[in-house]
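Asker: Coordinates only, no sequence provided:
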Ligand SMILES: NC(=O)C1=CN([C@@H]2O[C@H](COP(=O)(O)OP(=O)(O)OC[C@H]3O[C@@H](n4cnc5c(N)ncnc54)[C@H](OP(=O)(O)O)[C@@H]3O)[C@@H](O)[C@H]2O)C=CC1
Ligand SMILES: CC(=O)[C@@H](O)[C@H](O)COP(=O)(O)O
Ligand SMILES: [Mn+2]
């Protein structure tokens, strides 16, 4: 039996993680859950999984949740401070940490889980984009494990030999990330200028939280994923490529020097990569539907359009420079997406905000997690000012 914490348990990934765990209660014990604002769901999850701790960001929500749990005679302890979030991630009784908070708010739990040698199931790509060098160094120093949950990175992880030493040693030529192209794959630029958030959140294949859905619509999601892959697989920029595959059946591929390509496929359901992150190198049932090849219409591929989707170009430029400015891109993107979701800025204001933040902050050196957290805040405040 292994103890697991699910950071972001009330979100899309959090709920899918609990769906998988529900199938394997003999193997995984939910030690703690965390939520931001969804008090009702956090309570329901505590009723079902009886965790030792539940963390909820808002102090008023924490007080209400405590009363509700008391009334229901559930013995879960409610926490809510940032310090307690870090302490939970580092808890000595915990072996597995699902990092599924959205945005750079996931940095603190990811970092503290790394520092205390946990098996980290990483959905929160933003923590690796913003703090790639800090997180990967901390993982290595403390014998932690960083297991991809993001569907593309799970696919790559599955297509690579287990425990390989380097991409070169096992004959990798190229890692090819697939991108659905999002809801605006075929939308002309003149229409994209006025594209509304309510259209942008409608991903064609995946059911996900709002922030990542907007990132998919701007193709920034693929940009963030290139940087995530760079850190996860120690890949050089020339070893990474992106191809549009609108059906989201092939989740990514690895091309080897003998021209073999190993692709991982499946129905678009995050329970599959979550199950593999939990159990790899072994496999457990995920509860996802199997792929029916006869029912598949076609698998198509095309090049991404960098003119209509400048966010991907911004990330590609960053990648070529070892992603040194990726913390700026990540923070500015988060602020711009937040404003776009509230209909306060337009579609192309997202890349414009990132570009302005890059002009202002590019070249700043970040040495540790504390500096990164401060830097992230400063960039956000600057973006709020200029938007
Ligand atoms: N959804 C997907 O299919 C995929 C997601 N990912 C990544 O996984 C992460 C989670 O995505 P997703 O589940 O879609 O997002 P959701 O928006 O559905 O869920 C986000 C979770 O984070 C919590 N949260 C939000 N803000 C804060 C904060 N400031 N402090 C603490 N907790 C917070 C939310 O709490 P509450 O609900 O209570 O407000 C919720 O539990 C993202 O990094 C995303 O990029 C990666 C691949 C696929
Ligand atoms: C499910 C998942 O991993 C998402 O990141 C998904 O890949 C988004 O799809 P696109 O960014 O390719 O549209
Ligand atoms: Mn993905």
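Answerer: Looks like it arrived, so ask away. Here the structure is a predicted model, which is why all the values come from computation and not from measurement. Ligands and ions are numbered 1, 2, ... in the order given.

Asker: can you tell me which residues contact the residue lying closest to residue 157 once chain neighbours are set aside?
Answerer: Sequence neighbours aside, residue 148 is the residue nearest to residue 157 in space, at 5.1 Å (criterion: C-beta to C-beta, 6 or more residues apart in numbering). The way it works is simple: take the backbone N, C-alpha and C, and place the C-beta from them, glycine included. By C-beta atoms under 8 Å, 6 or more residues apart in numbering, the contact set of residue 148 is 122, 154, 156, 157, 228, 232, 273, 277.

Asker: Which parts of this structure belong to which domain?
Answerer: Following automatic domain parsing, one gets these domains for the chain: 2-148, 155-323.

Asker: when you scan the last one, is anything in it near ligand 3?
Answerer: Think domain 155-323. No. Applying C-beta under 5 Å from the ion, one finds domain 155-323 out of contact with ligand 3, separated by at least 5.5 Å.

Asker: hang on, the earlier thing: quick one: the residue nearest to residue 157 from residue 115, how far?
Answerer: Distance from residue 148 to residue 115, counting by C-beta to C-beta, to the nearest Å: 20 Å.

Asker: What of residue 221?
Answerer: 28 Å.

Asker: more neighbours, the two?
Answerer: residue 221 (27 against 18; other C-beta atoms under 10 Å).

Asker: these two touch, right, the more buried one and residue 209?
Answerer: No. In this structure, residue 221 is not within contact of residue 209 by C-beta atoms under 8 Å, at 11.5 Å.

Asker: For ligand 1, give me its nearest residue in the stretch 151-300 of the chain.
Answerer: Proximity of the stretch 151-300 of the chain to ligand 1 (C-beta to the nearest ligand atom) peaks at residue 209, 2.5 Å away.

Asker: State the pLDDT value of that residue.
Answerer: pLDDT, residue 209: 98.

Asker: residues in contact with it?
Answerer: With C-beta under 8 Å, 6+ apart, residue 209 has these contacts: 11, 12, 13, 102.

Asker: tell me the contacts of the closest residue to it other than its chain neighbours?
Answerer: Using C-beta to C-beta, 6+ apart and skipping residues adjacent in sequence, the residue nearest residue 209 is residue 12, 4.8 Å away. Neighbouring residues of residue 12 by C-beta under 8 Å, 6+ apart: 207, 208, 209, 270.

Asker: Residue 157 sits in which helix or strand?
Answerer: helix 151-159 (DSSP states H and E).

Asker: Would you check that my belief about residue 153 contacting residue 252 is correct?
Answerer: Yes. In this structure residue 153 lies within contact range of residue 252 using C-beta under 8 Å: 7.4 Å.

Asker: Return the set of buried residues in stretch 339-355.
Answerer: Of the residues in stretch 339-355, 339, 340, 341, 345, 346, 347, 348, 350, 351, 352, 353, 354 count as buried by neighbour count, 16 or more other C-beta atoms under 10 Å.

Asker: Tell me the one of those residues nearest ligand 3?
Answerer: Checking these against ligand 3 by C-beta to the ion gives residue 350 as the nearest, at 18.2 Å.

Asker: helix or strand for that closest one, which one?
Answerer: Per DSSP H and E: helix 349-361 holds residue 350.

Asker: by contact count, what packs against the helix or strand just after that helix?
Answerer: Of the helices and strands lying after helix 349-361 in sequence (DSSP H and E), the nearest is helix 369-386. In this structure, helix 369-386 makes packing contacts with helix 107-115, helix 125-141, helix 326-341, helix 349-361, judged by 3 or more C-beta pairs under 8 Å, 6 or more residues apart in numbering; DSSP states H and E.

Asker: Now distance to residue 197 and mean pLDDT too, for the ones you listed, in JSON lines please.
Answerer: Listed next are those as JSON lines, based on distance: least, C-beta to C-beta, whole Å; pLDDT from 0 to 100:
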{"stretch": "helix 107-115", "distance to residue 197": "25", "mean pLDDT": "98"}
{"stretch": "helix 125-141", "distance to residue 197": "19", "mean pLDDT": "97"}
{"stretch": "helix 326-341", "distance to residue 197": "5", "mean pLDDT": "98"}
{"stretch": "helix 349-361", "distance to residue 197": "11", "mean pLDDT": "97"}
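
Asker: of all the ones you listed, which lies closest to ligand 1?
Answerer: Per C-beta to the nearest ligand atom, nearest to ligand 1 of the helices and strands packed on helix 369-386: helix 125-141, 5.0 Å.

Asker: I'd like to check the angle between the closest one and helix 107-115, please.
Answerer: 20 degrees (axes from the mean of the first three to the mean of the last three C-alpha atoms, to 10 degrees).

Asker: The residue nearest to residue 284 when sequence neighbours are not counted: what secondary structure?
Answerer: Closest residue to residue 284 apart from its sequence neighbours, by C-beta to C-beta, 6+ apart: residue 275 at 5.3 Å. Assigned by DSSP: H, G, I helix; E, B strand; the rest coil, the conformation of residue 275 is helix.

Asker: Roughly how far does residue 275 sit from ligand 3?
Answerer: Distance check for residue 275 against ligand 3: by C-beta to the ion, to the nearest Å, it reads 16 Å.

Asker: can you pull out the helices in the stretch 1-150 of the chain?
Answerer: 12-22, 39-49, 59-71, 82-89, 107-115, 125-141 (DSSP state H, counting those that start in this stretch).

Asker: In JSON lines, list those along with distance to ligand 2.
Answerer: Formatted as JSON lines, the helices of the stretch 1-150 of the chain follow (distance: least, C-beta to the nearest ligand atom, whole Å):
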{"stretch": "helix 12-22", "distance to ligand 2": "9"}
{"stretch": "helix 39-49", "distance to ligand 2": "21"}
{"stretch": "helix 59-71", "distance to ligand 2": "28"}
{"stretch": "helix 82-89", "distance to ligand 2": "23"}
{"stretch": "helix 107-115", "distance to ligand 2": "17"}
{"stretch": "helix 125-141", "distance to ligand 2": "8"}
